[in-house]
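Colleague: dropping the sequence and predicted coords here.
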Amino acid sequence: MTDIKLQTVDLRVCYGRTEALKGVSLAMPDRAVTALIGPSGCGKSTFLRALNRMHDVAGGTRVSGRVLLDGQDAARLAPEELRCRVGMVFQRPNPFPMSIAENAGFGPSLFGVRGRELARIVAESLKRAALWPEVKGRLHADARSLSGGQQQRLCIARALALQPEVLLMDEPCSALDPAATEAVEELIAQLRREIAVVIVTHSMAQARRVAGQVARFQAGRLAEVGPADIVLDRCQF
Amino acid sequence: MKAILSALAVTVTGLLAGLLGLLVRKGAAFVTVDFLLGLPARAGQSGGILPVLVSTGLLVGGALLLALPLGAGTALYLQEYARPGRLVEGLRALTEALAGVPSIIFGLFGFSLFVIRLGWGWSLASGSATLALMLLPTVIRTTEEALAAVPRELREGAAALGATRWEAIRRVVLKSAASGVLTGAVLALGRALGETAAVLLTAGSDLGMPTSPLSPGRTMAVHLYILATEGLSEGRAYATALVLVAAVLAVNLAANLLMARGQRP
Amino acid sequence: MQSVLQACALAAGAAVLLIAAFVVAEGRPALGAVFGPVWDPEAGAFGVLPMLAGSLAVTAGALALAVPAGIGMALFLTEVAPPALGTAVRPLLQALAGVPSVVYGFVGLTLLVPAIRRGLGGPGFSALAGALVLAVMVLPTIAAVGEDALRALPPTFREGALALGATPWQAVRRVLLPAARSGLVTAVVLGLGRALGETMAVLMVTGNVAAAPRSPLDPVRTLTGNIAMEMGYAVGQHRAALFATGALLLALVMLVNAAARRASR
């Protein structure tokens, strides 16, 4: 029985007058993968973004309920602090227009890490993201010269450089080809031994391959949650 | 960061408000019917600005009369007739270069060509011709944008019904693009009203009522300049400035409204 | 019909070439003399270097103020202001841009110059006054082009930076501004071109001393002001020198605009 790393209690999110998330309470265990599935527009991404307070960025959103990290109310932390502990990878790879090394080291560099220490962290993160062998000779090349799959792994490395305790992934493979998808899924299998991963996915097959726990969303509510096999066998779509 | 940027925004918008407020406070009292319709006296120290308003209207009207056909014709050629290639790129680059020429250079050119060589002297004709050249890039650019916004299907539909290219343009495309072209004309009008340097060098600064295209004339902008730098009447200078700014803002507002209306389907 | 339109286009394209040709031709007799250090027409000295210094001083001062303020306004519109406020502020910036330069000169003359004289000393007519007035005029251009450059960035840059624990200011400084660099440079260079070409406003507040400034409080004369002031009565070699000044100015502005086009690629 693993510990609960991240938990929401009656989480609600409103965009203007629309209630996109209607009171979701979900526990996400440590050193495991929780997959969020459901039809388009059912609130999975909204839920994910509430976990690292990305809604604060856009404005016009009201969030109520609680998010608990290691049992502590996440609202007590500054957003920047929270995001160091809860990292995020987006749907489309979004490397900054800088070099590979600068991308990977961006997070730590915000906190003043420089020089050899930064280079060490960059190398470690790229290794953890299984990208090191492919880029170690050209760390100063522009990140946009990488293929789509490589860019996404770079974004994962970039998030890992902050040593997050939780990694949120919003359909990370939807813009990738099958080979790149496989590489990212292998990565997730590695990561789940160390941290908590919460992944939104449209693909049931993917959920079956990577997830330990599956949470099915429907129209803004949590319809069902349980071990992957059981929940997925029950799904009809 | 938010605080600094917000303070900046408040300062900048305050500048505009302050400017307008100043003009109103110091000039509104002088903007009377007598001022607008009366003749100037003592070189503008007293009296009104009727000849100035008339000269401005004639000068700007003449400039638009020249710039609109020439500019619209150029835009039509570039958008509808010319095959994309080096010639078109080159012509476009040249008309854009025209947009970057400082107004005083237009003044020099207009002085050299119209005033001296063609013998028109300092006159509304010289001023209009020079101003027309300055307005050309604006008219060309907005007309081209308006034409480009007309969907291809409309042209194809007309052609499929047997129309020649010109018939299709005249009867279908231009109707669609009309509001965009009009917007361009209004924007050009706004620019023309405020132009001073080039007009000073080509239309002169005579305060009399113009009687023919070859009469010299003084526009509002030039009048303001002279009143201000020669210290003739601060109140009337503010009044002239107020009328000028009001005219320009009204014209730009009209252009914005036209643009917004043109975008509604 | 096509040939009529083609003629329009060729005429429009030829305009800028014709202007350049005229100005250079009229200025040729004095092209050499223009590069001297002293401007004294009565003594036959037609060196415009002091005016070049004046133009550069006023322009540099204006940009030193307008670039941070303009980019700050662009950041305000993209990062801080809710959309409704943005829609209100943007037309105000446009209005600020539409006010004729002679009005800015006028307000500078009646308010700014005396204020400088009282507060900082000197005659008030100064490079500083010119720089301040010019800064207000160039700011809307920099803000508008800068805003376009920032808005063209994919929103995931900001999201990505924030998701990595950056504060909003860090996201702007470390990711957004560097990413928008080419567009921002274009904005600055466009502002530079406008500032160099500006005549009236600067003429009215910088005084009339054809000597290079040694402090911001010194009066100066710019290249444009030089032409505007003396064109009315210059003859012979004097007039040729003014045309040569124009040619120099045109070359400068064309260079700056070409640099802007290169930077935006």
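Modeller: Structure's in. What do you need? All figures in this text were calculated on a predicted structure; none of them were measured in a lab.
Colleague: going by C-alpha atoms from here, please, whenever you check contacts or count neighbours.
Modeller: Will do.
Colleague: residue A:111: neighbouring residues, count only.
Modeller: 10 (other CA atoms under 10 Å in any protein chain shown).
Colleague: tell me which residues touch whichever residue of chain C sits closest to chain B, please.
Modeller: Closest residue of chain C to chain B, CA to the nearest CA: residue C:9 (4.1 Å). Applying CA atoms under 8 Å, 6 or more residues apart in numbering or on different chains, we find residue C:9 in contact with B:70, B:71, B:73, B:74, B:75, B:77, B:78, B:91.
Colleague: which of the three states applies to it?
Modeller: helix (DSSP: H, G, I helix; E, B strand; the rest coil).
Colleague: now swap in the one 10 residues further on and tell me
Modeller: Remark: residue C:19 carries the secondary structure label helix [criterion: three-state DSSP].
Colleague: with residue B:214 instead?
Modeller: Residue B:214 - assigned by three-state DSSP - is coil.
Colleague: and for it, nearest residue in space, chain neighbours not counted?
Modeller: residue B:123 (4.8 Å; CA to CA, 6 or more residues apart in numbering or on different chains).
Colleague: residue B:218 is in contact with that neighbour, correct?
Modeller: No. Between residue B:123 and residue B:218 there is no contact under CA atoms under 8 Å: 9.5 Å.
Colleague: between these two, who's got more neighbours?
Modeller: residue B:218 (30 against 26).
Colleague: now do the contacts for that one.
Modeller: Counting by CA under 8 Å, 6+ apart, residue B:218 has contacts B:51, B:52, B:55, B:56, B:200, B:203, B:204, B:205, B:206, B:207.
Colleague: give me the local confidence score for the residue of the stretch 101-250 of chain C found nearest chain A.
Modeller: Closest contact between the stretch 101-250 of chain C and chain A, by CA to the nearest CA, is at residue C:165 (4.2 Å). At residue C:165, the pLDDT value in this model is 91.
Colleague: that one belongs to a strand?
Modeller: No. Per three-state DSSP, residue C:165 lies outside any strand segment and is coil.
Colleague: not counting sequence-adjacent ones, nearest residue to it?
Modeller: residue A:80 (4.2 Å).
Colleague: what about the one you found, helix or strand, and which?
Modeller: helix A:79-85 (DSSP states H and E).
Colleague: from the chain's centre, how far out does stretch A:132-143 sit?
Modeller: Averaging C-alpha positions (CA atoms, centre = their mean, to the nearest Å) puts stretch A:132-143 23 Å from its chain's average.
Colleague: counting neighbours, which bits of it end up buried?
Modeller: For stretch A:132-143, a neighbour-count test (16 or more other CA atoms under 10 Å in any protein chain shown) marks A:132, A:135, A:139, A:142, A:143 as buried.
Colleague: chain C versus whatever residue of chain A ends up closest to chain B, what's the distance?
Modeller: Chain B sits closest to residue A:57 of chain A, with a gap of 13.5 Å, by CA to the nearest CA. Here the criterion is CA to the nearest CA, to the nearest Å. By it, residue A:57 lies 8 Å from chain C.
Colleague: now do the contacts for that residue.
Modeller: By CA under 8 Å, 6+ apart, the neighbours of residue A:57 are residue C:159.
Colleague: bridging residues for the residue sitting nearest the centre point of chain A?
Modeller: Centroid-nearest residue in chain A: residue A:168, 1.6 Å away (criterion: CA atoms, centre = their mean). With DSSP bridges as the criterion, residue A:168 is bridged to residue A:88, residue A:198.
Colleague: and the pLDDT for it?
Modeller: For residue A:168, the model assigns a pLDDT of 95.
Colleague: quick one, what contacts residue 88?
Modeller: You didn't pick a chain, so chain A it is. Each residue near residue A:88 by CA under 8 Å, 6+ apart is listed here: A:52, A:159, A:167, A:168, A:169, A:170, C:163, C:164.
Colleague: was after chain B, sorry
Modeller: The contact partners of residue B:88, taken as CA under 8 Å, 6+ apart, are B:78, B:82.
Colleague: buried stuff in stretch A:200-207?
Modeller: Result for stretch A:200-207 [16+ other CA under 10 Å]: buried residues A:200, A:201, A:202, A:204, A:207.
Colleague: okay but the first one is in contact with residue A:45, surely?
Modeller: Okay, so that is residue A:200. Yes. The pair residue A:200 and residue A:45 passes the contact test of CA under 8 Å, sitting 6.8 Å apart.
Colleague: now do the shared contacts for these two.
Modeller: With CA under 8 Å, 6+ apart, residue A:200 and residue A:45 have common neighbours residue A:170.
Colleague: got phi/psi on residue A:175?
Modeller: When read as degrees, to the nearest 10, the backbone of residue A:175 gives phi -100, psi 10.
Colleague: circling back: give me every residue that touches the residue nearest to residue B:214.
Modeller: B:115, B:202, B:203, B:204, B:213, B:214, B:215, B:216, B:217.
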